[in-house]
Each structure stands twice: as C-alpha cells, then as structure tokens.
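Asks: Just need the structure, nothing else, for what follows:
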Amino acid sequence: MRTKLLASILLTAGLLVGTASIAATGQDELLVATSERKIDEARVVSVDLATRSVVLQMPSGQMLEFANINPKVTRLNTLKPNDTATVTGAETMAFVLQKGTAGIRKVIDTKTQDLSVDGAGMTLTHTVYNDIVGVNVAAGTLRVKDFAGKIITVPVANKEWLTQAAAGDQLLVVTRASMMAFAN
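Replies: You can find the predicted model right below:
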C-alpha cells in the first residue's frame, strides 16, 4: 500500500524523477520522495593492488578514491591507469512522518559499502529528526523544531499531507547518496 501511495503522491506532485527506496517502519508514513540517477564514464588514474585502492577521474575533473576495496571484488587486478570505469550514482531525498515520537531530535549519518564481483561503491545516508510543534492546515504550514532547537515554519503545498501530521509527531528528512564503480 505504501508503494501505491508513494507513486500516487509523486505522480500528483509531478516529482516522479526516479525511484526511491526509503524503508519505513510500522508507524512511519512516507510523504514524498524523489530520486535522480546518473551514469558516467570515469578514467582510471591509479590502481594500488597492495592497498586495494583505485582513484578515478570523472568527466568534470572530480577525483574519486575507493580505498580498501573488499577482496570479493575480483576484477580489481584487471584495472590499469587510463582504463575506463562506469560510475553510477543516485541521490534520493524523502520526507517521512513519524507519529508520536517528538522529543528526541537527532541527526544520524551512516556510511555503508556496496560491492559486486566487478565493482565497489558506497552509500551515505543523512537523517535529520525534527519535532512537529504545530500544524496550520488553513495556512498550509508546519512549525517544526529542528535539531538545533530553532523553530521554523515550513510551507506545505499539499494540505492533505498536513491533515496526517500533528504536534508531537516528527518530520524526518532523509537524504541518501550512493555511488558504484564497475570495471568495463
């Protein structure tokens, strides 16, 4: 049901850019999410088999370093400087309503490694827990207390979403960036 709700919300809001994969627990409600994917070819700058690290240069000139690549990535020894590697990336942002959990504002950052036989990558997730202190459906606003304790007013275009929120709930802002590099 949440998947259908998300698809309906995104289509209605005109935000269907890609797909989102934000897990929600029993009392969480995914309000809106958007995701953007990109694929690029990068040039291999250096390969160090002793430390199992690779440096790639993106078309923009940005350098990416993958260090301590898991030994399960078996194609690392086939890479040489000036080879090309495919780099896929995705950025996702989601707003999640968590019912009745206000009081513990926090920021959680996680970093995980992704791997396959021919590639390695990472995912960075940043979650900010904000307390909802007021809802004004007529004005189309939420008043939230952010992590630093500052009260801010957030405009919400979809008033139907506001009817789901109440003081004492939390608004989670989840951003996730993932990147995977594959040997060609």
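Asks: Could you report the separation of the residue lying closest to Asp118 once chain neighbours are set aside from Ser116?
Replies: Spatial nearest neighbour of Asp118, chain neighbours left out: Arg75 (4.4 Å); criterion: CB to CB, 6 or more residues apart in numbering. Every C-beta, even on glycine, is put in place using the N, C-alpha and C of the backbone. Taking CB to CB, to the nearest Å as the measure, Arg75 falls 9 Å from Ser116.
Asks: Please apply the same query to Ala33.
Replies: Separation of Ala33 from Ser116 (CB to CB): 25 Å.
Asks: Quick check: buried residues in the longest strand anywhere in the chain?
Replies: Ranked by number of residues, the top strand in the chain under DSSP state E is strand 28-48. Neighbour-count burial for strand 28-48, with 16 or more other CB atoms under 10 Å as criterion, is recorded at Asp28, Glu29, Leu30, Leu31, Val32, Ala33, Thr34, Ser35, Asp40, Ala42, Val44, Val47.
Asks: try stretch 158-178
Replies: In stretch 158-178, counting by 16+ other CB under 10 Å, buried: Trp161, Leu162, Ala165, Asp169, Gln170, Leu171, Leu172, Val173, Val174, Arg176, Ser178.
Asks: What residues of stretch 70-77 count as buried?
Replies: Applying 16+ other CB under 10 Å to stretch 70-77 flags Val73, Leu76 as buried.
Asks: Tell me the span between the first and last residue of it.
Replies: Chord length of stretch 70-77, first to last residue, is 12 Å (CA to CA, to the nearest Å).
Asks: before we move on, the earlier item: how far off centre is the longest strand of the chain?
Replies: 9 Å (CA atoms, centre = their mean, to the nearest Å).
Asks: tell me which residues of the next helix-or-strand element following that strand are tucked away?
Replies: Note on strand 28-48: by DSSP states H and E, the next helix or strand toward the C-terminus is strand 53-57. Within strand 53-57, the residues that count as buried by 16+ other CB under 10 Å are Val54, Val55, Leu56.
Asks: Thanks a lot, see you next time.
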